[in-house]
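Novice: the sequence and its predicted three-dimensional model are supplied below.
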Amino acid sequence: MKWAREIAVKPGKKVDLSRFNPDETFGITEDEANADIKEAVKKLGKLQNLLYADRRYAVLIVLQALDAGGKDGTIKHVMSSVNPQGCKVTSFKVPSSEEAAHDFLWRIHKAVPGRGEIGIFNRSQYEDVLVTRVHDLVPKDVWSGRYDQINSFESILNQNNVRVLKFYLHISKDEQKRRFEERITDPAKNWKISASDFTDRERWDDYTKAYEDALTKCNTETAPWYIVPANKKWMRNLIISKEVVKALKEMKLRTPEASIDLSKVKLD
Ligand code: ADP
């Protein structure tokens with residue numbers, strides 16, 4: 001795919017987000033993208049059916065972004081042909097008192113999809129090295145140990161047939177402003193704004209630094225990050241739908257054999 005080299009970073013290489021253009025389109029037009037999205041989304045539906053029947057693998061899609069980055073829109077569009085029976089979205093919020101009483105991966109592990117399923121994380125384990133770090137919610141020696149812990153956790157998932165795909169939706173500060181303004185002026189979108197959106201925007205640079213560290217330190221062969229140009233929603237939807245389809249195809253999914261000898265079945 002046209003963007004393959006641009007959105008993936010070699011494991012071990014330091015990520016500098018200023019080198020990734022959130023407006024990038026790789027020479028693709030909106031019309032071309034929309035036609036390809038339609039096709040990819042349809043394929044995704046078919047492949048999910050096969051994943052469900054095959055029951056050997058699970059797929060975990062991690063979505064991370066700054067506020068108004070488009071996580072909800074991605075889920076709505078890219079997953080529109082997926083059978084809800086085999087798909088579960090989990091949105092991670094400020095930890096409840098029960099969650100906070102456990103290690104940070106406790107609530108995450110419980111939400112990992114079972115074999116045959118697609119799981120989508122709307123925010124994820126990465127909040128514990130992002131918001132937690134930016135807002136000093138735990139001491140540095142605690143959050144700094146978590147990159148290795150996350151890598152070990154994702155490696156366990158990989159070894160247990162959970163394919164982990166991590167997408168960082170990369171928007172610019174101007175685009176965030178535009179989306180916030182839309183949420184303020186459109187009464188139907190007012191509910192989407194929260195006070196933390198504004199305090200977090202003031203910490204844009206700190207978040208960028210925290211993201212760069214997470215994207216650098218937790219970018220592995222088995223659980224890679226994709227840095228998705230996301231100012232244009234169609235570009236974002238195109239890349240994510242095509243990458244998920246590609247990952248599903250690589251699994252070489254197949255329908256299992258019948259569990260009974262069908263030649264002996266007699267129907268009246
Ligand atoms: P979203 O912005 O994802 O649509 P919300 O507006 O409810 O949903 O925001 C969820 C909030 O929960 C975010 O501010 C996020 O930083 C916060 N959050 C998620 N995980 C954690 C965590 N582990 N520790 C602290 N805050 C968290």
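Specialist: Sure, I can see it. The shown structure was predicted, so the numbers you read here are calculated from the model rather than taken from an experiment.
Novice: show me the helices in the chain, by range?
Specialist: Taking DSSP state H as the test, the helices found in the chain are 4-7, 30-54, 71-78, 97-100, 106-110, 131-134, 140-143, 146-159, 173-185, 195-202, 204-217, 233-250.
Novice: what packs against the longest one?
Specialist: Think helix 30-54. Under the contact definition 3 or more C-beta pairs under 8 Å, 6 or more residues apart in numbering; DSSP states H and E, helix 30-54 sits against helix 71-78, helix 233-250. All C-beta atoms are positioned from the backbone trio N, CA, C, and that covers glycine.
Novice: likewise for the third one?
Specialist: Judged by 3+ C-beta pairs under 8 Å, 6+ apart, the packing partners of helix 71-78 are helix 30-54, strand 58-65, strand 118-122, strand 162-170, helix 233-250.
Novice: so which of those is nearest the ligand?
Specialist: Evaluated over the helices and strands packed on helix 71-78, closeness to the ligand peaks at strand 118-122, with 5.8 Å, by C-beta to the nearest ligand atom.
Novice: next up, the contacts around K71.
Specialist: 63-65, 122-123, 169 (C-beta atoms under 8 Å, 6 or more residues apart in numbering).
Novice: can you redo those as a markdown table with neighbour count and distance to the ligand?
Specialist: Shown next, in a markdown table, are those (neighbours: other C-beta atoms under 10 Å; distance: C-beta to the nearest ligand atom, whole Å):
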| residue | neighbour count | distance to the ligand |
| --- | --- | --- |
| L63 | 26 | 9 |
| Q64 | 22 | 10 |
| A65 | 22 | 9 |
| N122 | 18 | 6 |
| R123 | 17 | 5 |
| L169 | 25 | 12 |
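Novice: which parts of this protein sit against the ligand?
Specialist: 67, 91-95, 122-123, 127-128, 131-132, 137, 194, 196 (C-beta under 6 Å from any ligand atom).
Novice: most neighbours of all the residues you listed, which one?
Specialist: Within the residues of the chain next to the ligand, most neighbours by other C-beta atoms under 10 Å means D128, with 23 neighbours.
Novice: who touches the lowest-mean-pLDDT helix or strand in the chain?
Specialist: Every helix and strand of the chain was ranked by mean pLDDT, DSSP states H and E. The lowest is helix 4-7, at a mean of 89. For helix 4-7, contacts defined as C-beta under 8 Å, 6+ apart pick out 20, 24, 26, 226-229, 239.
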